[in-house]
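A.B. asks: kindly generate the corresponding structure for this input.
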Amino acid sequence: MSTTVTPVIHGTFARDATWWRLGSDRQTSFADQIERELSERGLAGTVWKPALVGDFNYSSFSWPDGNRHSDRVAGAHSLSFSLNELAKQVQSNPERAANREFRRSLPRRERSS
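C.D. replies: Residues are numbered from 1 along each chain as shown. Coordinates of the predicted model:
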């Protein structure tokens, strides 16, 4: 079984913005909108949730605010490392990420799949 993870990565100067993170009950973010659209297509619980259940947080995937080439290279290396570590974690324990943590949030008709 494989698990899909959909991280939303911000651009330069948006590290502290909230649109790329899952919102709260009071505020819907861009990441929430992506989650809703993917849920309608059978990919519920993929936006950030597998990463946040594990050993990661939003800053693990945060892009640096610097606007120089060296900042972008460093950011690309850091992002690549975090994505590879997340892939290893999800592949080593897909049952936890895919079923136990997220199936509870699915509508009953989707739980059987």
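A.B. asks: give me the number of residues near residue 26?
C.D. replies: 5 (other C-beta atoms under 10 Å). C-beta coordinates here come from the backbone N, C-alpha and C atoms, glycine included.
A.B. asks: go through this structure and flag its longest helix.
C.D. replies: helix 69-92 (DSSP state H).
A.B. asks: identify the residues contacting it?
C.D. replies: 2-3, 5, 7, 9, 12, 50-51, 54-56, 60-61, 63-66, 97 (C-beta atoms under 8 Å, 6 or more residues apart in numbering).
A.B. asks: any chance of a PyMOL selection covering the buried ones in those residues?
C.D. replies: The PyMOL command for the buried members of those (criterion: 16 or more other C-beta atoms under 10 Å) is given here:
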select buried, resi 3+5+7+50+51+54+56+60+61+63+64+97
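A.B. asks: the contacts of helix 69-92 in helices, which ones?
C.D. replies: Per DSSP H, the contacts of helix 69-92 map to helices at 50-51.
A.B. asks: now the residue nearest to residue 11 when sequence neighbours are not counted: how far from residue 7?
C.D. replies: In this structure, residue 11 finds its nearest non-sequential neighbour in residue 63, 6.5 Å apart by C-beta to C-beta, 6 or more residues apart in numbering. If you measure residue 63 against residue 7 using C-beta to C-beta, to the nearest Å, the figure is 11 Å.
A.B. asks: residue 29 now?
C.D. replies: 13 Å.
A.B. asks: again, but for residue 38
C.D. replies: 13 Å.
A.B. asks: mind listing the shared neighbours of these two?
C.D. replies: Common neighbours of residue 38 and residue 7 (C-beta under 8 Å, 6+ apart) are residue 47.
A.B. asks: where does pLDDT dip in this structure?
C.D. replies: 1-2, 94-113 (pLDDT under 70).
A.B. asks: try 90
C.D. replies: 1-5, 7, 9-16, 23-27, 44-46, 48-67, 86-113 (pLDDT under 90).
A.B. asks: tell me the centre residue of it?
C.D. replies: The residue lying closest to the centre of the chain (C-alpha atoms, centre = their mean) is residue 48, at 2.2 Å.
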